[in-house]
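J.: One predicted model, sequence on top.
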Amino acid sequence: MAPEKPGAKTPDAKKARTAGADLAKLGGAVMAEPRAPRRLRQVAAVLGALYIAAVWLDAAGNGAADAVLPLPVRFFVQEAALFPHAARDVIEWRAEAWMCDAGRFEEIDVRPYFPIRRDDKESRFYRAMFFHLHQRRVLAALDQFIAREQNRTHPGARIGGVMLLSLRIPIPPPGTPEARYQRLPLASYPPSVERHYWYVTDKAERERRCPQGDGS
């Protein structure tokens with residue numbers, strides 16, 4: 001292949017000169033035109049500013065975002081300062097059931113009714129209690145579901161309702177030897193372990209589900 005002569009005009013050089021001539025005609029500056037209408041861009045800018053403000057308020061612990069935003073939207077602003085403090089306790093969620101024959105509350109194991117990740121904190125029962133412990137409609141639905149499944153699988157141990165509670169088990173100091181986790185019955189925990197009851201089935205509903213019991 002013969003070497004190119006000095007000053008020869010290559011195709012790439014011609015394209016570059018043509019592009020340069022076009023820029024010169026436009027004054028040396030080219031600005032891409034946005035595709036979205038101006039009003040839509042203004043609305044997006046306002047929404048973006050409001051979103052950043054909601055994230056900041058949530059991280060600062062202001063509480064305004066929780067008071068104004070609906071729960072599905074609130075989920076997307078709870079992303080800053082998720083873990084500002086080290087946990088001091090392990091929270092476990094449990095259920096006690098009103099035993100129709102015995103006429104008292106006793107602990108039941110609800111893990112068979114929530115088979116997804118049933119043995120850890122990602123259990124559907126744990127997740128439902130963690131996110132919705134203040135929403136009575138959700139807790140009432142859990143009550144109905146647990147009672148239905150318990151009475152279906154254990155017809156000889158019929159229940160009329162539940163008490164849903166949490167345990168706050170202290171985490172030992174760093175470096176303390178600790179046995180591998182295993183689920184212990186409620187009776188195994190001393191009174192020093194805090195219990196918080198979040199929901200109990202109404203007496204009238206227990207009586208309806210236990211027609212032969214006193215439901216008291």
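T.: Yep, that arrived.
J.: Doesn't residue 101 lie inside a strand?
T.: No - counting by DSSP: H, G, I helix; E, B strand; the rest coil, residue 101 is not found in a strand; it is coil.
J.: any idea which residue sits dead centre in the chain?
T.: Taking Cα atoms, centre = their mean, the centroid of the chain lies closest to residue 131, which sits 6.1 Å from it.
J.: list the buried ones in the host helix or strand of that one?
T.: Assigned by DSSP states H and E, residue 131 falls within helix 124-132. For helix 124-132, the neighbour count (16 or more other Cβ atoms under 10 Å) marks 125, 126, 128, 129, 132 as buried. In this view, the C-beta of every residue, glycine as well, is placed from N, C-alpha and C.
J.: I'd say the last one and residue 138 touch.
T.: Okay, so that is residue 132. Yes - with contact defined as Cβ atoms under 8 Å, residue 132 counts as touching residue 138 (3.8 Å).
J.: Could you pull out the strands in this structure for me?
T.: With DSSP state E as the criterion, the chain has strands at 89-99, 104-108, 159-170, 194-200.
J.: what's the closest of those to residue 145?
T.: strand 159-170 (9.8 Å; Cβ to Cβ).
J.: could you measure residue 153 against residue 104, distance?
T.: 21 Å (Cβ to Cβ, to the nearest Å).
J.: hang on, I meant residue 49
T.: 57 Å.
J.: Show the model's pLDDT score for residue 185.
T.: pLDDT, residue 185: 93.
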